[in-house]
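Peer 1: With the input below, show me the fold.
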Amino acid sequence: MISWIQSHKWQASSLLAGFSLLLFGGTDLFVSGFNSLAISVLFACGVLFSVRFAWLTVASIVIATLAAVALDVRPGANGLTVVLSLVLVSAFGRVGQRLTAVVAAITSGTLLVANTVFLSDHLLATFGVTAFSFSSKFTLFLLGFALVLSVNLLAWLLGRLLMTRSRHVGTVFDRAVAERTQAKLALEVAEQNERFEIARDISELVIQRVSAAISIAEGGVYATKSDPNSAPRILEQTAESARSAHAELRRLFDMLNKLHEVGAAPPKIDDLETLVIAFRELGYNIYLKHDGKRFDISEGAELAVYRIAFDALENIKSHAPLGTDVSIDFSWTQTGMQLLVKDNGTEVSNRGLSLEQLAYTAEEDRRALTETIKGAGITAMGERAALYGGSIEATRVPGVGFTVSAIFPNLRDTASE
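Peer 2: Okay, here's the model as predicted:
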């Protein structure tokens, strides 16, 4: 769920807000009447803003609580909407926002419980409870406070658990990729061990062949002194032993050369999945997506595309802070492909600054539109893309981050498998 919300921020929060309004708000509307409708809308707004604007969520919770007290609306299913908002804020908000949200939720819930128990006896009666003495009311208040405290703290912990699991443990897909990679590496290691065993056996055989050739040559030295006519026969035996040793050396060379080729297999586009997992472990919110029908390309082209994406990620790692959102988007057409690597490193770095500090001028906008970004990394990317009829465009988005676009309009023709 966390991955889905991160990749579809407004769409996800809108769907969750609409769901909570229909389910919880509809329940309260049926039970408490139309006075609860405005409260439901305010609580649903808290869910809507929880992913991107956590402070508005806190404000919505406070305003909705005050409105509920003013309109004398009893607590109901809308409390679950607050719980959902708290889960999202604790997952996606910064430290100050998370702490403020949980304090606001607990305080608001406690205020509603106090209003229901001490100030509005008729609201308490709607639950089928009648408390006449102050001690019984105080007991009910303590029970309500304990319920509010426990539910909100559990919601806060659930949000932190979901985000930690997504960022540091990985999703089921991430673990599947890691397991597949581990199985692939284990298979390669097993194959290499077998080849080492074969190479050891061939080496022993080569030593025997060379030793035999040396023995024949040494015996031939003494034999030719007593019988010069034996020299051709001895030379023939020596040549035969040398040819046998040479054949075994050739087998050993082929075996070691094959082992080198297996170990030096170039990375491919699919290997970016492993790289994405590694960047998530470092603390970046990174996602990989393919749009369109993918077609096969040559190993050289896959290596070039992989290296472009790798260099773009290394640039993000060097300049963007942890917590930056990074997207790697592949768009496949019938004849070409576009790779888009985007980040919001500038936005993350500027969080906490005042509006005056965040403001940028028209000159910065103009420069972002006309500036040609240069550098050794960009030049290397362009050279790799040009090998397959592609081009590189690097742009800076003021106040947001950096974007690298690699376009290969005729990749199917220039790099067919």
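Peer 1: A386: how many residues sit nearby?
Peer 2: For A386, the neighbour count with other Cβ atoms under 10 Å is 12. C-beta here means a position set from N, CA and C on the backbone, and glycine is covered the same way.
Peer 1: That one: what's it in contact with?
Peer 2: By Cβ atoms under 8 Å, 6 or more residues apart in numbering, no residues touch A386.
Peer 1: what does V305 give?
Peer 2: Contact analysis of V305 by Cβ under 8 Å, 6+ apart lists 269, 297, 337, 339, 406, 408.
Peer 1: Show me what the last one is bridged to.
Peer 2: With beta bridges defined as DSSP bridges, F408 has these partners: M337.
Peer 1: Please tell me I have it right and it contacts G389.
Peer 2: Yes: applying Cβ atoms under 8 Å, one finds F408 in contact with G389, separated by 6.4 Å.
Peer 1: list residues touching both of these two?
Peer 2: T414.
Peer 1: Let me see the contact set for D343.
Peer 2: 316, 320, 324-327, 401-403.
Peer 1: how near is it to I207?
Peer 2: Note on D343: its distance to I207, by Cβ to Cβ, to the nearest Å, is 58 Å.
Peer 1: what about L339, helix or strand, and which?
Peer 2: Assessed by DSSP states H and E, L339 sits inside strand 337-343.
Peer 1: Averaged pLDDT, that strand. What do you get?
Peer 2: Average pLDDT, strand 337-343: 95.
Peer 1: What residues sit buried inside the next helix or strand after that strand?
Peer 2: Later in the chain than strand 337-343, the nearest helix or strand by DSSP H and E is helix 345-349. Neighbour-count burial for helix 345-349 flags 345-348 (criterion: 16 or more other Cβ atoms under 10 Å).
Peer 1: Stretch 197-209 now?
Peer 2: Quick answer for stretch 197-209 (16+ other Cβ under 10 Å): 199, 202, 205-206, 209.
Peer 1: Those: which two are farthest apart?
Peer 2: Spanning the widest gap among the buried residues of stretch 197-209 are A199 and R209, at 15.3 Å by Cβ to Cβ.
Peer 1: Quick check: chain neighbours aside, which residue is closest to G76?
Peer 2: The shortest distance from G76 to any non-neighbouring residue, by Cβ to Cβ, 6 or more residues apart in numbering, is to D28 (4.2 Å).
Peer 1: Run the angle between the helix or strand hosting A301 and strand 337-343 for me.
Peer 2: Counting by DSSP H and E, the element that carries A301 is helix 299-319. Interaxial angle of helix 299-319 relative to strand 337-343 (axes from the mean of the first three to the mean of the last three Cα atoms, to 10 degrees): 10 degrees.
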